[in-house]
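[1] Following is a predicted model, sequence given first.
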Amino acid sequence: MLSTQTKSLDVEQIRKDFPILQRKVHNKPLVYFDNAATSQKPKQVIDALNFYYNNYNANVHRSIHQLGEEATAAYEKAREKIAEFINAQYQEIIFTKNSTEGLNLIAYSLTSSLKPGDEIVISQLEHHSNFVPWQQMAKHLGLKLKFIKINEEAELDENSIRETITKNTKIVSVNHISNAIGTINPVEEITKIAHENGALMVVDGSQSAPHMPLDMKKINSDFYVFTGHKMLGPTGVGVVYGKKELLENMRPFLYGGEMINEVKFEDTTFNQLPWKFEAGTPNIAEGIGLGVAVDYLKKVGMKQIFERDREIVDYAMERMKNIDGITIYGPKERGSIISFNVHGVHAHDVSQILDSEGVAIRAGHHCCMPLMSVLGVTATARASFYLYNTEQEIDTFINAIHKVKKVFGV
Amino acid sequence: MDTIELMYQENILDHYKSPRNFGRMENASVHHHEYNPLCGDELDMFLVIDKHKKIADIKVNPHGCAISVASASMLSEEIKGKSIGEIEKLKKEDILEMLGIPISPVRLKCALLSLDTLKNSILIFEKYVNKQV
């Protein structure tokens, strides 16, 4: 086992901030390895939600009274923090409900100016949320949807990237890290290729924003989407980053209150950025909570979190390699996600038996049914880690896999 | 025994590893495929229904977790020779009793895929196939 000195984070100190890690599951200490689905929340974030509702709950941008002003200031402050976190301007940060809504916003708004026959490129690695919106837009508008293939290593194939993105491509949308198998995609290079061909670049950052430093100027994609609840924040708040000059010319996605400037019987003019894309009362407490989550991540350090991911994944992979009859999917260099199967045991049964040892993982198709068909499986078991996970927890997980094998006699 | 040992007891694992009436059939009266998108469990069911409206033969081709496969295997044994009338009366509780193991709410869909497939097979038979006979 690794000693605590070699860790790039003070994991024990971090764990104290997460009350849920104290609980027991089936009388065993909780080992939470389902972080790619949603992360746990530190008490700082939970307290911020409580504090908002106990002290300054009010609607934002409307109410001329003390509470309204405090709520608006806190909500907009959160937007500033998020902008800084990814090196963007605050007008470029649109709050959504989650990544799915963000990707729908972009898909609806961008495709409204496309012509039949125009091409959209996504990849075989996409989550349904970066797949179905494009597929359905293509179907309704007569657009062509093309897919970048994966190679033997389960990475996006370089030749396929260059062959699929052409002068006919209008939009390219790929994830930064695959939620199903952990592949880290070269989004900077893909952005360059998209731009060389005159296409817009969209990145689904749902799995990357929680785990690595992000710089929008460096990546240079036109849009970048992520969700709060996978990065220590509350559910119900996500982010669309978009380049200001593009957002200004785009059609709004949702219409209603807040997103307007002036409404007349004949027509409506829209609010300025970012509020043009934020119709209706937003998830105020959650937005503020995400700002606090970002504070927390910044304090720990995204670079440190990324390095710690390597330690924990390497340790887990090393220990899993020594167990017979385990298939691990995905490339060698990966995010903190290990997708696997135990030979002769369905992923659901693996998950059920791991749960009996207190180990929470995910089993299924991970909202990536097209990818599962490429891999030739219907389901995998997936362990995904975050900054509070320990080597000791990996040991518990390994012992639980041995229990799976024992129960099934494989 | 802990819950896991109760759940994955010997006869369940036996049915999982060697499903009874396993395979496919060319001359079935009705063939139906059901899919549980939550888990990715799949079941193909082939029924031969005789003129007395009894199940003369059955083949199942299940892919999925131990619970769904065992359930399909056990049900295939259970219904051979039964009439459509008897099958229509089968309920969720009968399947749980047949399995005889604790099933948590999230695994209920796995356990009941076999019954859903069977019931829908019979519906299809009654609606489309039987009419033509």
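    That came through, no problem.

[2] Show me where the chain has its helices.
    Using chain A here. In chain A, the helices defined using DSSP state H lie at A:11-15, A:43-51, A:66-85, A:99-111, A:132-141, A:158-164, A:187-196, A:216-219, A:244-249, A:284-300, A:302-321, A:347-356, A:369-375, A:391-408.

[3] other chain: chain B
    B:3-7, B:10-17, B:66-79, B:84-88, B:92-99, B:108-124, B:130-132.

[4] can you pull the contacts of A:Thr390?
    Shown in contact with A:Thr390 (Cβ atoms under 8 Å, 6 or more residues apart in numbering or on different chains): A:Val11, A:Arg15, A:Ile312. (Each C-beta comes from the backbone N, C-alpha and C, glycine too.)

[5] returning to that earlier point: for B:Ile124, find the nearest of the helices of chain A.
    B:Ile124 lies closest to helix A:369-375 among the helices of chain A, at 24.8 Å (Cβ to Cβ).

[6] Please dump the helices of chain A into TSV; it should also carry distance to chain B, mean pLDDT and mean neighbour count for every row.
    Listed next are the helices of chain A as TSV, based on distance: least, Cβ to the nearest Cβ, whole Å; pLDDT from 0 to 100; neighbours: other Cβ atoms under 10 Å in any protein chain shown:
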stretch	distance to chain B	mean pLDDT	mean neighbour count
helix A:11-15	27	97	15
helix A:43-51	26	98	17
helix A:66-85	33	97	18
helix A:99-111	17	98	23
helix A:132-141	13	97	17
helix A:158-164	26	98	15
helix A:187-196	29	98	18
helix A:216-219	34	98	15
helix A:244-249	35	96	13
helix A:284-300	27	98	23
helix A:302-321	21	97	17
helix A:347-356	4	96	24
helix A:369-375	8	90	18
helix A:391-408	5	98	18
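
[7] If you drop the residues flanking it in sequence, what lies closest to the residue of the stretch 1-150 of chain A found nearest chain B?
    Residue nearest to chain B within the stretch 1-150 of chain A (Cβ to the nearest Cβ): A:His26, separated by 7.8 Å. Nearest non-adjacent residue to A:His26, counting by Cβ to Cβ, 6 or more residues apart in numbering or on different chains: A:Ser356, 5.6 Å away.

[8] Does that neighbour touch B:Thr3 like I think?
    Yes - contact criterion Cβ atoms under 8 Å: A:Ser356 and B:Thr3 qualify, at 6.5 Å.

[9] quick one: common contacting residues for these two?
    Common neighbours of A:Ser356 and B:Thr3 (Cβ under 8 Å, 6+ apart) are A:His26.

[10] mind checking the end-to-end distance for stretch A:260-280?
    Stretch A:260-280 has an end-to-end distance of 10 Å (Cα to Cα, to the nearest Å).

[11] what's the closest non-adjacent residue to A:Gly291?
    For A:Gly291, the closest residue by Cβ to Cβ, 6+ apart turns out to be A:Ala78, at 2.8 Å.

[12] mind listing what A:Val300 touches?
    A:Leu9, A:Ile14, A:Leu387.

[13] Not counting its neighbours along the chain, what's nearest residue 85?
    Picked chain A for this. Per Cβ to Cβ, 6+ apart, closest to A:Phe85 is A:Val294, 4.8 Å.

[14] my bad, the chain I had in mind was chain B
    Per Cβ to Cβ, 6+ apart, closest to B:Gly85 is B:Lys53, 7.4 Å.

[15] got a pLDDT number for the one you found?
    According to the prediction, B:Lys53 has pLDDT 94.

[16] Equivalent analysis for the one 3 residues further on, please.
    Confidence per residue is given as pLDDT, and for B:Ala56 that number is 97.

[17] which residues sit in contact with the residue most central in space within chain B?
    Residue closest to the mean C-alpha point of chain B, counted by Cα atoms, centre = their mean, is B:Ser114 at 3.0 Å. Counting by Cβ under 8 Å, 6+ apart, B:Ser114 makes contact with B:Leu43, B:Met45, B:Val60, B:Pro62, B:Ser68, B:Ser71, B:Ala72, B:Met74, B:Leu75, B:Ile95.

[18] What is the neighbour count of the nearest residue to the second one once chain neighbours are set aside?
    Of all residues not flanking B:Met45 in the chain, B:Thr117 sits nearest, at 4.8 Å (Cβ to Cβ, 6+ apart). Here the neighbour count serves as a burial measure; for B:Thr117 (other Cβ atoms under 10 Å in any protein chain shown) it reads 25.

[19] got it, and A:Asn98?
    22.

[20] my guess is it contacts A:Thr227, does it?
    Yes - here A:Asn98 reaches A:Thr227: they are 4.5 Å apart, a contact under Cβ under 8 Å.

[21] what is in contact with the two at once?
    A:Val237, A:Gly238.

[22] Hmm, A:Pro370 is touching A:Phe131, no?
    Yes - with contacts counted by Cβ under 8 Å, A:Pro370 reaches A:Phe131, the gap being 6.6 Å.

[23] so the closest residue to B:Phe22 other than its chain neighbours bridges to which residues?
    Spatial nearest neighbour of B:Phe22, chain neighbours left out: B:Val60 (6.4 Å); criterion: Cβ to Cβ, 6+ apart. According to DSSP bridges, the residues that bridge with B:Val60 are B:Phe22, B:Met45.
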